[in-house]
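Participant: Show me the folded form of this:
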Amino acid sequence: MPALNVSVPHSLKPEEAVQRIQKLVSGIKTKFADKVSDVKEKWSGNNSEFSFKAMGFDVSGTIEVDNKEVRIQSNLPFAAMMFKSRIESTIREKATELLA
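Facilitator: Alright, predicted model coming up:
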């Protein structure tokens, strides 16, 4: 599967960034319940493994939070490749807003 890598700088304490991300994930479970299912996240300190199903596709990846940036890595289904740049820019935009 093709890789998706997004890095977003921030000036928060890592713990605050993690809390904001966790809150966002909880919101996604309810707000997009009709499009996204089986949302799972497992945190170990400032690192997370996640997975979910979106429009019939399995998506999984990792989130790493450090003092200066959040790195999101995932594998995209081949069927989503034509939307890769749009997906990356949307994630970057929403993450930047979240971490501002």
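Participant: give the contact list for the most centrally placed residue in the chain.
Facilitator: The chain has Ile72 as the residue nearest its centroid, 5.8 Å off, counting by C-alpha atoms, centre = their mean. Residues in contact with Ile72 (C-beta atoms under 8 Å, 6 or more residues apart in numbering) are 4-8, 61-63, 91, 95. No exception for glycine: its C-beta is placed from N, CA and C like everyone else's.
Participant: 6 Å - rerun?
Facilitator: Applying C-beta atoms under 6 Å, 6 or more residues apart in numbering, we find Ile72 in contact with 6, 63.
Participant: where's it, which helix or strand?
Facilitator: strand 69-75 (DSSP states H and E).
Participant: Which residue ranges of this protein form helices?
Facilitator: 14-31, 84-98 (DSSP state H).
Participant: now these as JSON lines including distance to Lys68 and mean neighbour count?
Facilitator: Listed next are the helices of the chain as JSON lines, based on distance: least, C-beta to C-beta, whole Å; neighbours: other C-beta atoms under 10 Å:
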{"stretch": "helix 14-31", "distance to Lys68": "9", "mean neighbour count": "14"}
{"stretch": "helix 84-98", "distance to Lys68": "14", "mean neighbour count": "13"}
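Participant: Since that was my last question, I'll sign off now.
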